[in-house]
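A.B. asks: test case, fold it:
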Amino acid sequence: MSSSLDKLKALTSRLEDKIEEKEKKSSVVSTEHKEVQKTKKKSPEKAVSKADENYDNIREHNIVRVKELYEKLKIFEKSPDFDKVFMYKAMNLSGIGLKEDDFGEVREGKYIQVIAITYEPDKHGKKKAKNISLGYFGKAETLENKLKNEIIEFVLRWRYEKAFQNVEHYKDLIARVEVPSDTLF
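C.D. replies: Residues are numbered from 1 along each chain as shown. A predicted model of the protein is given here:
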């Protein structure tokens with residue numbers, strides 16, 4: 001009985017430590033947020049938090065790498081203007097799995113292609129998905145591992161940049177709304 005009581009006391013002590021640790025982190029985040037809010041009120045153009053700087057650095061690095069892969073994989077042959085590559089609604093791969101359960105697996109007998117997806121009106125004015133091949137890399141069986149990884153990286157980094165663009169869009173919309181000062185952004 002006493003060993004169960006000792007285990008319970010030890011568990012309670014660990015839980016109290018974790019709660020205390022969370023409260024400390026929460027107060028630090030809250031304090032940082034309040035400081036950013038004060039800075040924004042005084043000088044909005046100078047109120048760049050470390051998170052914003054990190055976000056910008058990650059995005060900048062990502063876009064540089066996307067451009068390198070765009071050139072290396074010769075995507076420019078089908079889409080000559082790099083900036084217009086992000087006008088596509090989505091991007092996918094044929095012949096290589098990108099889902100959790102088959103990530104990176106080539107599908108035997110299939111052809112490897114980078115596929116961009118747009119939505120264009122049909123003759124009745126209804127929007128219809130249109131697939132555009134941006135890069136053809138031959139049969140799955142002949143694909144070198146390094147090239148496969150670069151193709152996957154290009155698609156994933158393109159999607160990552162597209163996500164950044166969507167975040168920017170929503171940040172801009174939120175900025176147009178009057179936001180209470182005690183929110184996160």
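
A.B. asks: report the central residue of this structure.
C.D. replies: Centrality entry for the chain: nearest residue to the mean C-alpha point is residue 160, 3.5 Å, by C-alpha atoms, centre = their mean.

A.B. asks: quickly find the element holding that one.
C.D. replies: If you go by DSSP states H and E, residue 160 is part of helix 145-175.

A.B. asks: mind listing the helices for the chain?
C.D. replies: 2-42, 50-72, 145-175 (DSSP state H).

A.B. asks: so which of the ones you listed gets nearest residue 126?
C.D. replies: With C-beta to C-beta as the measure, helix 145-175 is the member of the helices of the chain nearest residue 126 (24.2 Å). C-beta: built from backbone N, CA, C; applies to glycine.

A.B. asks: which helices and strands does the closest one pack with?
C.D. replies: Helices and strands touching helix 145-175, by 3 or more C-beta pairs under 8 Å, 6 or more residues apart in numbering; DSSP states H and E, are helix 50-72, strand 90-94, strand 111-121, strand 127-139.

A.B. asks: kindly recompute the last result at 7 Å.
C.D. replies: helix 50-72, strand 90-94, strand 111-121 (3 or more C-beta pairs under 7 Å, 6 or more residues apart in numbering; DSSP states H and E).

A.B. asks: show me where pLDDT drops low in the chain?
C.D. replies: 1-4, 25-51, 179-185 (pLDDT under 70).

A.B. asks: rewinding a little: got the helices and strands packed on helix 145-175 as JSON lines, with mean neighbour count and distance to residue 11 columns?
C.D. replies: Listed next are those as JSON lines, based on neighbours: other C-beta atoms under 10 Å; distance: least, C-beta to C-beta, whole Å:
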{"stretch": "helix 50-72", "mean neighbour count": "14", "distance to residue 11": "35"}
{"stretch": "strand 90-94", "mean neighbour count": "17", "distance to residue 11": "48"}
{"stretch": "strand 111-121", "mean neighbour count": "16", "distance to residue 11": "52"}
